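Undergrad: the sequence and its predicted three-dimensional model are supplied below.
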Amino acid sequence: MKTIFKISVLPVLLVAFASAASAAPVVIGSYGSDSNFTGFVPGGLSNTPLDYKGYNGFSASGPFFGGGFGTSYDVTPNSAWTGTIPAGTSWVSNLRNGNEDNNDAPDGYYEYTTTFTATAGSYDGVITLLADDTAEVLLNGNVIVNFAAPGNDNSCQQHEPNCTMDDTVDFVSSLLSGSNANTLTIIDDQTDPNTPLGVDFKATLTPTPEPSSLLLLGTGLLGLAFVAFRRAKASPGLTF
């Protein structure tokens, strides 16, 4: 009597890869913390509103003064801001209806932060950024977008990021577990006091398998192949 023993490798692969990539992608973007919209999160975004932390006229590293909850606002794009606004986001400024209406914004640095929840692990990210005049972006304290070099345009920087062209940057970063444990910080650098001030961004963060998960997967497959080989050798009647 022939004994038939079948081994399917595909389910093992699927389970291993599902385990390695169990974390879901995270999508975050800009919208204001105006009290009129408290509790509102645009569809598809998982982060808190941008919170304006304050201003420093001399140093991008702070300290920043004058911010607080409810002091960032969705604003109508200024005529100089001709970049493509990422879907589901809005331009944000520290004034409700001032900077986008060409009120002067003093030179210096303006800090905004937002937080979001994720599963701990390594993520590949893509951030699309618009900023007037230019901005530095940090994720959990690590710089993922640097300030652009100054241009000679009176309205905006001529180098990305700026308000006339989207700046799309790829990056790799680790995220933390816990409710709103991850912080994205935007520091907007105003370099011309005769122009408006604002930022807009959207980022998609996609989990990547950890090396340990890939090692575990490879080890499991080698073990499975070894067992199959031994059984085939011991029982020529087996089929796979």
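TA: Everything's here; your move. Residues are numbered from 1 along each chain as shown.

Undergrad: from here on, contacts and neighbour counts on C-alpha atoms
TA: Fine.

Undergrad: tell me the centre residue of the chain?
TA: A centroid search over the chain (Cα atoms, centre = their mean) returns Ala203, at 3.7 Å, as the residue closest to the centre.

Undergrad: so what sits opposite it in the bridge?
TA: For Ala203, the beta-bridge partners under DSSP bridges are Ile28, Ile127.

Undergrad: correct me, but it touches Gly44?
TA: No. Ala203 lies out of contact with Gly44 (Cα atoms under 8 Å); the separation is 11.3 Å.

Undergrad: give the residues shared as contacts by these two.
TA: Counting by Cα atoms under 8 Å, 6 or more residues apart in numbering, the common neighbours of Ala203 and Gly44 are 27-28.

Undergrad: just the pLDDT for the residue nearest to the centre of the chain.
TA: With respect to pLDDT, Ala203 has a value of 97.

Undergrad: could you do Glu210 as well?
TA: 64.

Undergrad: quick one: residues in contact with stretch 158-169.
TA: The contact list for stretch 158-169 (Cα under 8 Å, 6+ apart) reads 80-84, 126-135, 144-145, 147-152, 156-157.

Undergrad: can you check stretch 61-72 too?
TA: 32-35, 50-56, 92-96, 110-111.

Undergrad: which of those count as buried?
TA: Among those, those classed as buried by 16 or more other Cα atoms under 10 Å are 32-34, 50-56, 92-96, 110-111.

Undergrad: inside strands: which ones of those residues?
TA: 51-56, 92-93, 110-111 (DSSP state E).

Undergrad: how does this protein divide up, domain by domain?
TA: The chain breaks down by automatic domain parsing into domains covering 1-21+209-240, 25-208.

Undergrad: deepest of these, which one?
TA: Highest mean neighbour count of the domains of the chain: domain 25-208, a mean of 20 (counted as mean count of other Cα atoms under 10 Å).

Undergrad: contacting residues around the residue nearest to Thr204 when sequence neighbours are not counted?
TA: Leaving aside its sequence neighbours, Thr204 sits nearest to Val27 (Cα to Cα, 6 or more residues apart in numbering; 4.6 Å). By Cα under 8 Å, 6+ apart, the residues touching Val27 are 44-47, 202-205.

Undergrad: pull the CA atoms of stretch 86-99 into PDB?
TA: Extracted C-alpha coordinates of stretch 86-99, given in PDB (Å, rounded to 0.1, in the frame of the first residue of the first chain):
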ATOM      1  CA  PRO A  86      -2.100  66.700  -1.600                       C
ATOM      2  CA  ALA A  87      -5.600  65.100  -1.600                       C
ATOM      3  CA  GLY A  88      -7.400  65.300   1.800                       C
ATOM      4  CA  THR A  89      -5.000  67.900   3.200                       C
ATOM      5  CA  SER A  90      -5.000  71.700   3.600                       C
ATOM      6  CA  TRP A  91      -2.600  74.500   3.900                       C
ATOM      7  CA  VAL A  92      -2.000  75.400   7.500                       C
ATOM      8  CA  SER A  93      -0.900  78.700   9.100                       C
ATOM      9  CA  ASN A  94      -0.700  80.100  12.600                       C
ATOM     10  CA  LEU A  95      -3.200  82.800  11.700                       C
ATOM     11  CA  ARG A  96      -6.900  82.200  10.900                       C
ATOM     12  CA  ASN A  97      -7.200  84.600   8.000                       C
ATOM     13  CA  GLY A  98      -3.900  86.600   7.900                       C
ATOM     14  CA  ASN A  99      -0.900  85.100   6.300                       C
END
